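**Student:** Whatever this is, show me its structure:
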Amino acid sequence: MSQVHHVVLVTFKPGHDGQAPALFDALWALKAKLPGMQGYRYGLNSSPEGLNQGFTHGFVMTFADAAARDQYLVHPDHEAVKAKFLPLVEKVLVFDFEG
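**Tutor:** Numbers count the residues shown, from 1 in each chain. Presented below is the predicted three-dimensional model:
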């Protein structure tokens, strides 16, 4: 089994960038409830390349395997985070890969 890296990029709606720390903290809190979540990093875009296509914030979660990622996707606390923060997001990109 391979680890799964769950990459999420977001752009907040105007006036809502200040919600990024609360979003990142809420996602970090899920690590204690999901034993298959092995790592979590987040931050503001800092690339000088200018290829971010408007995405301003991002995070990467590493899961032990696809089953652990799938458990996260349907977890009630993850659903609560989505319900709270997705209305503040203008666009989101999710990309998972194994390795």
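**Student:** Please count neighbours and contacts with C-alpha atoms only from this point.
**Tutor:** OK.
**Student:** tell me which element Leu27 falls in.
**Tutor:** If you go by DSSP states H and E, Leu27 is part of helix 20-29.
**Student:** for that helix, what is the average pLDDT?
**Tutor:** Computed over helix 20-29, the mean pLDDT rounds to 95.
**Student:** Which elements pack onto it?
**Tutor:** Contact here means 3 or more CA pairs under 8 Å, 6 or more residues apart in numbering; DSSP states H and E; on that basis helix 20-29 packs against helix 76-85.
**Student:** Alpha carbons of the helix holding Leu27, as CSV, please.
**Tutor:** Output of helix 20-29 as CSV, limited to C-alpha atoms (Å, rounded to 0.1, in the frame of the first residue of the first chain):
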residue,chain,number,x,y,z
ALA,A,20,-7.5,30.8,6.5
PRO,A,21,-5.9,30.3,10.0
ALA,A,22,-9.2,29.0,11.4
LEU,A,23,-9.6,26.6,8.5
PHE,A,24,-6.1,25.3,8.9
ASP,A,25,-6.6,24.8,12.6
ALA,A,26,-9.9,23.0,12.2
LEU,A,27,-8.2,20.6,9.7
TRP,A,28,-5.3,20.1,12.0
ALA,A,29,-7.7,19.1,14.8
